[in-house]
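Asks: Dropping a prediction and its sequence here:
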Amino acid sequence: MSSDNIWTHKGTFLLAAVGSAVGLGNLWRFPYLAGEHGGGAFLLVYVLCVFAVGIPILIAEIMLGRNSRRCPIMGMRFLTRCHRTSRAWETIGWLGGLSALLILSFYSVISGWALHYLGEMLTGSLRDADAAMLADNFANLIASPLKLTLYHTLFLAICAYIVARGVHRGLESALRILMPTLLVILLVVLFYAATSGDMAAASRFMLSFSLSELSLEGWLEAMGQSFFTLSLGMGAIMAYGAYMPSETSLTLTAFAIALIDTLVAVIAGLAIFALVFGAGLAADEGPGLMFVSLPLAFSVMPSGSLVGAIFFVLVLGAAISSAISLIEPVAAYLVERFDLSRVLAVALVSVLAWGLGLATVASFNVWAEASPVHDVFGRSAFAVLELVTHITLPLCGLLVALFAGWSLTQSESMKEMHTRSSWLRLWRFLVRFIAPTGVAFVFLRALPYVQG
Ligand code: PFF
Ligand code: NA
């Protein structure tokens, strides 16, 4: 790998990893999962999963990337050679690449919905719309293969353009503009939600819970979500870690990523529920929360179209900074393995994800027998998301934890973590025992899924 592929500054990895982590998972998925699984109760188990399982695996992924200085597939090949262990560990790279393509294809279609609603907000066409009109608007959107494909294509093209320009001119420059902007918008939306929405009801919903609401289902969803939200098990963090300067602190960075990601999810949840409750709507809408309930809330609030437009810019920016981290590991593989030019590699990956995305598009209309809004969300596109979050991500995360915990020696980990202190021992304990046990737990959820 060429050494010019190192992030320019010590902090750039953090910027890129936060860009990868903060996305639809925080703004769209976390709030609706919290809505479905009892608000505060879900938040509690989610935070536990992030800290006990997510962070140790996050550290492990960065470590493998930085240690090998290669894309995930070639990196694992290299590390198994160095350690004279089985090449079977390369599965980590392949599984990650597969999940990355699947998620990218799906992510891009959903991000396309945000493009649609950005347009609706800008033209003000949803002003004073009622619940039925919003349900119709959404149903019409997903019923149109043409519209969905157009948005999907546009979104993917933007992301591909950024990645094709390279680590410095593409990824870094885009992230430097995107991330601060997104932070400002998030705060604006929070302020607006606090002043125009019902923040008291939102905090009651998100921050209080009764133990009786802690269902097994909620636990398992929380575990899957903690992988998805931290971008684990997809090689994204490993690929970015390969560009991380050796002197940057691994432990601190991993903590910062997890903390920021969790804060954004909580803030987004609070803001969205404040608006939705403020408009007198319910919390348990599922995936339609952001695309049906929230636009409805905006339609009745003062300057709702303007803030709505800003909000969907936030969603899009966050989605772009995540999607580019899905293209990178696969494209880097094509470059390193077959010596392709970066532009060609990115084009191949994007076209592949674009084609796969057509299946997601079709699952909402052409392949759906009947498509009233509520039925639609159980269909195949979401089945792919479930498959990935409940099976391939955790499985890849499990292998990462086992490899980093048991194949890397204590001194190698020490070299990467710059510490011999109790942190290293705590991390090794978590990554060897706790994280694998936690992940094994997720497979309980996967079992009924596999059986049918
Ligand atoms: N972490 C992103 C989110 O929460 O939206 C989704 C994601 C991006 C998952 C990149 C995996 C990944 F590699
Ligand atoms: Na996230």
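Replies: Okay, I see it. Ligands and ions are numbered 1, 2, ... in the order given.
Asks: Every contact and neighbour count from this point should use C-alpha atoms.
Replies: Fine.
Asks: ends of stretch 73-91, how far apart?
Replies: Taking Cα to Cα, to the nearest Å, the first and last residues of stretch 73-91 lie 8 Å apart.
Asks: cool, stretch 80-87 as well?
Replies: 6 Å.
Asks: And it, what's buried?
Replies: Thr80 (16 or more other Cα atoms under 10 Å).
Asks: any idea of the mean pLDDT for that stretch?
Replies: Stretch 80-87 shows a mean pLDDT of 91.
Asks: ok, and what's touching it?
Replies: The contact list for stretch 80-87 (Cα atoms under 8 Å, 6 or more residues apart in numbering) reads 77, 89-90, 407-408.
Asks: residues from this protein in reach of ligand 1?
Replies: Those residues of the chain that sit near ligand 1, judged by Cα under 6 Å from any ligand atom, are 20-26, 228-231, 234, 236, 322-323, 325-326.
Asks: Now the buried members of the contacts of stretch 80-87.
Replies: By 16+ other Cα under 10 Å, the contacts of stretch 80-87 give 77, 89-90, 408 as buried.
Asks: Among those, which one sits closest to Val167?
Replies: Using Cα to Cα, Arg77 is the member of the buried ones among the contacts of stretch 80-87 that lies nearest Val167, at 22.6 Å.
Asks: Nearest residue to that closest one in space, ignoring adjacent ones along the chain?
Replies: Take Arg77 and drop its neighbours on the chain: the residue closest to it by Cα to Cα, 6 or more residues apart in numbering is Glu90, 5.7 Å away.
Asks: Wait, that neighbour touches Cys71, no?
Replies: No: the criterion here is Cα atoms under 8 Å, and Glu90 misses it with Cys71 at 11.4 Å.
Asks: about what we covered before: ok, now which ones touch the residue nearest to Arg77?
Replies: Taking Cα under 8 Å, 6+ apart, one finds 73, 76-77, 80 in contact with Glu90.
Asks: helix/strand/coil for it?
Replies: Following DSSP: H, G, I helix; E, B strand; the rest coil, the label given to Glu90 is helix.
Asks: For Leu230, which non-adjacent residue is closest in space?
Replies: Distance criterion Cα to Cα, 6+ apart; nearest residue to Leu230, sequence neighbours excluded, is Ala21 at 4.9 Å.
Asks: actually Ala193, not the one I wrote
Replies: Ala193 sits nearest to Ala271 (Cα to Cα, 6+ apart), 5.2 Å away.
Asks: does whichever residue of the stretch 301-450 of the chain sits closest to ligand 1 count as helix, strand or coil?
Replies: Residue nearest to ligand 1 within the stretch 301-450 of the chain: Ser322 (4.4 Å; Cα to the nearest ligand atom). Assigned with three-state DSSP, Ser322 falls in the helix class.
Asks: so it makes contact with Val22?
Replies: Yes: between Ser322 and Val22 a contact is recorded at 6.9 Å, counting by Cα under 8 Å.
Asks: Settle it for me: which of these two has more neighbours?
Replies: Set Ser322 next to Val22 and count neighbours by other Cα atoms under 10 Å: Val22 wins out with 30 against 27.
Asks: Any figure for the gap between that one and Phe433?
Replies: Using Cα to Cα, we find Val22 at a distance of 28 Å from Phe433.
Asks: What of Phe155?
Replies: When Cα to Cα is the yardstick, Phe155 and Phe433 sit 40 Å from each other.
Asks: for the chain, which spans come out with low pLDDT?
Replies: Scanning the chain for pLDDT under 70 picks out the ranges 1-4, 284, 368-382, 420, 445-452.
Asks: if we can go back for a sec, let me know the closest of the buried ones among the contacts of stretch 80-87 to Gly355.
Replies: Taking Cα to Cα as the measure, Gly355 sits nearest to Glu90 out of the buried ones among the contacts of stretch 80-87, at 25.9 Å.
Asks: Which residues are in contact with the residue nearest to Leu402 when sequence neighbours are not counted?
Replies: Distance criterion Cα to Cα, 6+ apart; nearest residue to Leu402, sequence neighbours excluded, is Arg432 at 6.2 Å. Contacts for Arg432 (Cα under 8 Å, 6+ apart) come out as 401-402, 405-406.
Asks: Export these as a markdown table, with columns for secondary structure.
Replies: Listed next are those as a markdown table, based on three-state DSSP:
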| residue | secondary structure |
| --- | --- |
| Ala401 | helix |
| Leu402 | helix |
| Gly405 | helix |
| Trp406 | helix |
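Asks: Any quick ChimeraX command for the buried ones out of these?
Replies: With 16+ other Cα under 10 Å as the burial test, the buried ones among those are selected in ChimeraX as follows:
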select :401,402,405
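Asks: buried set for the helix or strand where Ile327 lies?
Replies: Element membership for Ile327, per DSSP states H and E: helix 304-338. For helix 304-338, burial by neighbour count (16+ other Cα under 10 Å) applies to 304-305, 307-336.
Asks: any idea how far it is from the chain center?
Replies: Helix 304-338 sits 10 Å away from the centroid of its parent chain (Cα atoms, centre = their mean, to the nearest Å).
Asks: Repeat that for stretch 434-448.
Replies: 20 Å.
Asks: Keeping just the C-alphas, turn that stretch into CSV.
Replies: The C-alpha trace of stretch 434-448 is given here as CSV (Å, rounded to 0.1, in the frame of the first residue of the first chain):
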residue,chain,number,x,y,z
ILE,A,434,-17.4,-10.6,27.0
ALA,A,435,-17.8,-9.4,23.4
PRO,A,436,-17.9,-13.0,21.9
THR,A,437,-20.5,-14.0,24.5
GLY,A,438,-22.6,-10.9,23.8
VAL,A,439,-22.4,-11.6,20.1
ALA,A,440,-23.4,-15.2,20.5
PHE,A,441,-26.5,-13.9,22.2
VAL,A,442,-27.5,-12.1,19.0
PHE,A,443,-27.5,-15.3,17.2
LEU,A,444,-30.4,-16.3,19.4
ARG,A,445,-32.4,-13.7,17.5
ALA,A,446,-31.0,-15.0,14.2
LEU,A,447,-32.2,-18.6,14.8
PRO,A,448,-35.9,-18.1,14.2
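Asks: contacts for stretch 17-33?
Replies: Stretch 17-33 is contacted from outside by 42, 107, 111, 175, 179, 221, 225, 228-231, 236-237, 240, 257, 260-262, 264-265, 268-269, 272-273, 283-287, 289-290, 315, 318-319, 321-325, using Cα under 8 Å, 6+ apart.
Asks: which SS state does the residue sitting furthest away from the middle of the chain fall under?
Replies: Centroid-distance maximum for the chain: Arg84 at 33.5 Å, with Cα atoms, centre = their mean. What three-state DSSP gives for Arg84 is coil.
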